[in-house]
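Peer 1: For reference, the sequence and a predicted model appear below.
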Amino acid sequence: MEWLTSIRKAIDYMEKHLEENITAQDVADEVFMSSFFFQKGFALMTGHGVGEYIRNRRLYKAAIDLQKTDDKVIDIAFKYCYETPESFTKAFTRFHGSSPSQVRGGAAVKSFLPLKIEISIYGGNSMDYKIVSKAAFKVIGFAREFDGETSYIEIPKFWDEIREKYAARVWNGAAPASDIEKAVVENNIGEYGVCIDDAGCGKFRYMVAGIYAGGKVPEGMSLYELPDFDWAVFDCYGPCPKALQDVNTKIWKEWLPGNPDFEFPGRCNIEWYGDSDPAASDYHAAIWIPVKRK
C-alpha cells in the first residue's frame, strides 16, 4: 500500500475510533505497517505523534461536547477514554488553557481539526542515495527501549549516558580498563545507531552499536543480527544531529511518499557516524533504510 494512502487510512481509522481505547500499535496494524516505521513517518509528515494526535482530537471533541450538550464532565471524560474526571480535567486545561467548567461557561477553546494529508513535489525522487546489498551481520552494543513520541529527546540523552559511563576514556584514546571498554574498542561501538522495531506497544529498541567482531559479550551489552538486505544509503554532511535529522525528514516527506521503485520490508534502520568532529561543518554521517524493489 502506498505510504500516503496508508497515512490517510490511518487518520480515518483514528477518527472513527476516538471513543475507543486505541493505541499507536492498533493504528499501525490497521494499515499493515511496522509500528516503528509508521509512527516515525507519521510524526515527520504531520508534525504530531500518533498518541498526541489522538489525544488532541479527543480533547477538542470533548470541548465541543461541553459547549453543545448538557452531558456531565465525568461522562465526557469516560467517553474520550480518560480513567478519572481528574485526569481529564488536568489534560483538558493544559490543552485548552481553560477548565471544562470554564469552557462550558463560554471560554474559548483550542481548535484541533482532522488532518488532511497532501504532498508537495520537490524535484521528484531526486535525493542522492545509493543502493548497497549487504549480507546478514551482527551488531553489539547497548540497547534500551524508547517510546516513539519522545525518542528524539531521549535517545541523545542515552548516547550521553553511554559516553559518560562506558566510552569516554577509550573514545579519547585511553587503553581499555574493563571488559566493557575492551568491547567498545574491539567492536568500534558508537559507529552505528540501530533502531529495531520488536518491542511492540508503540515502543522500539535502540542500540548504540558497532559491528560484532566476535569474542565476549560483557554483561549489560547485547547482540542483534540484521538479515540480508538491500539498503538505501543517504549520506549526510554537516553538524550532527541537525544534518542527520534534516536528511531523515526529507526521506520521509519527499523520497518515501509514493516512491515508484521501493518498499520497506524491514523492522530496523541504521544511523552511521563518522570518526571526525560531529560539530564540524563537513561532518559525514549516513542513514541506512532497508528497501525492496517493487
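Peer 2: Here it is on my side, so go on.
Peer 1: Got the domain ranges for this structure?
Peer 2: 3-104, 130-293 (automatic domain parsing).
Peer 1: Those: which one's closest to Pro114?
Peer 2: Nearest of these to Pro114, taken as Cβ to Cβ: domain 3-104 at 5.7 Å. Using the backbone N, CA and C atoms, a C-beta is placed for each residue, glycine as well.
Peer 1: distance between the longest helix belonging to the chain and the chain's centre?
Peer 2: The helix spanning the most residues in the chain, taking DSSP state H as the definition, is helix 50-68. Distance of helix 50-68 from its chain centroid, counting by Cα atoms, centre = their mean, to the nearest Å, is 23 Å.
Peer 1: that older thread, so which of the domains of the chain gets nearest Ser111?
Peer 2: Nearest to Ser111 among the domains of the chain is domain 3-104 (6.5 Å), distances taken as Cβ to Cβ.
Peer 1: Endpoints of that closest one, how far apart?
Peer 2: Chord length of domain 3-104, first to last residue, is 40 Å (Cα to Cα, to the nearest Å).
Peer 1: Next: stretch 184-193.
Peer 2: Distance between the two ends of stretch 184-193: 14 Å, counting by Cα to Cα.
Peer 1: hmm, back to that, adding mean pLDDT, write the domains of the chain out as a markdown table.
Peer 2: Below are these laid out as a markdown table (pLDDT from 0 to 100):
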| stretch | mean pLDDT |
| --- | --- |
| domain 3-104 | 92 |
| domain 130-293 | 90 |
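Peer 1: could I get those as JSON lines with distance to Leu115 and mean neighbour count?
Peer 2: Shown next, in JSON lines, are those (distance: least, Cβ to Cβ, whole Å; neighbours: other Cβ atoms under 10 Å):
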{"stretch": "domain 3-104", "distance to Leu115": "5", "mean neighbour count": "18"}
{"stretch": "domain 130-293", "distance to Leu115": "14", "mean neighbour count": "17"}
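Peer 1: Dump those domains to a markdown table, plus distance to Leu113.
Peer 2: Below are the domains of the chain laid out as a markdown table (distance: least, Cβ to Cβ, whole Å):
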| stretch | distance to Leu113 |
| --- | --- |
| domain 3-104 | 8 |
| domain 130-293 | 21 |
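Peer 1: before we move on, the earlier item: who does the longest helix of the chain touch, helix- and strand-wise?
Peer 2: Helix 50-68 is packed against helix 3-16, helix 24-30, helix 35-46, helix 73-79, helix 85-96, helix 100-104, with contacts defined by 3 or more Cβ pairs under 8 Å, 6 or more residues apart in numbering; DSSP states H and E.
Peer 1: do you know which of those lies nearest Ala168?
Peer 2: The closest approach between Ala168 and any of the helices and strands packed on helix 50-68, judged by Cβ to Cβ, belongs to helix 35-46 at 29.4 Å.
Peer 1: Tell me what angle the closest one forms with helix 3-16.
Peer 2: 90 degrees (axes from the mean of the first three to the mean of the last three Cα atoms, to 10 degrees).
Peer 1: which residues in the stretch 101-250 of the chain form helices?
Peer 2: According to DSSP state H, counting those that start in this stretch, the stretch 101-250 of the chain carries its helices in the segments 151-162, 168-171, 179-186, 242-250.
Peer 1: Same list as before, those that is, but in a markdown table and with distance to Glu145 included.
Peer 2: Below are those laid out as a markdown table (distance: least, Cβ to Cβ, whole Å):
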| stretch | distance to Glu145 |
| --- | --- |
| helix 151-162 | 10 |
| helix 168-171 | 24 |
| helix 179-186 | 20 |
| helix 242-250 | 20 |
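Peer 1: Please identify which of these is closest to Ile211.
Peer 2: Among these, helix 179-186 sits nearest to Ile211 (Cβ to Cβ), with 10.4 Å.
Peer 1: That closest one versus helix 151-162: what angle between them?
Peer 2: Here the directions of helix 179-186 and helix 151-162 differ by 110 degrees (the same axes, to 10 degrees).
Peer 1: what's the distance between helix 179-186 and the middle of its chain?
Peer 2: Centre-to-centre, helix 179-186 and its host chain are 29 Å apart (Cα atoms, centre = their mean).
Peer 1: re earlier: in TSV, list the helices and strands packed on helix 50-68 along with distance to Tyr60.
Peer 2: Shown next, in TSV, are these (distance: least, Cβ to Cβ, whole Å):
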stretch	distance to Tyr60
helix 3-16	12
helix 24-30	18
helix 35-46	15
helix 73-79	12
helix 85-96	8
helix 100-104	11
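Peer 1: distance of Pro239 from Lys68?
Peer 2: Pro239 is 50 Å from Lys68, where distance means Cβ to Cβ, to the nearest Å.
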